[in-house]
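>>> My questions are about this predicted structure, shown below with the sequence.
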Amino acid sequence: IWSYDHLSYQQVDYWKIWISVDTGLPVKSHFKRVRPKDVIEWDGTYTYGPDIKYPV
């Protein structure tokens, strides 16, 4: 799991990305942005075509 928190003026972004041990590619992610008056949050999953090149 790779995670990253970015703090800026009146906003914090949180990222979490799950990386496949077998391929080195992302398999899912979670994002959350927190502001004084709202929160945005989403989850994603990744799929790849058969011609994808794995990282070296």
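Nice, I can see it. Numbering: from 1, shown residues only.

>>> where does the chain dip in pLDDT?
Applying pLDDT under 70 to the chain picks out residues 56.

>>> Wait, Arg35 touches Ser8, no?
No - contact between Arg35 and Ser8 fails when scored by C-beta atoms under 8 Å: they sit 10.1 Å apart. All C-beta atoms are positioned from the backbone trio N, CA, C, and that covers glycine.

>>> The two: who's more crowded?
It is Arg35, of Arg35 and Ser8, that has more neighbours when counted by other C-beta atoms under 10 Å, with 11 against 7.

>>> what's that one sitting at in phi/psi?
Geometry field for Arg35 lists phi and psi as phi -120, psi 170, criterion degrees, to the nearest 10.

>>> so Asp5 bridges to which residues?
In this entry, Asp5 is beta-bridged to Tyr14, by DSSP bridges.

>>> quick one: it from Gly49, how far?
Asp5 sits 32 Å away from Gly49, taking C-beta to C-beta, to the nearest Å as the criterion.

>>> more neighbours, these two?
Regarding Asp5 and Gly49, a neighbour count based on other C-beta under 10 Å identifies Asp5 as having more, with 10 against 5.

>>> wait, the more buried one sits on Asp13?
Yes - here Asp5 reaches Asp13: they are 7.1 Å apart, a contact under C-beta under 8 Å.

>>> Break down this structure into its helices, ranges please.
Across the chain, reading from the start of the chain, there are no helices by DSSP state H.

>>> quick one: the strands in it?
2-8, 11-19, 26-34, 39-45 (DSSP state E).
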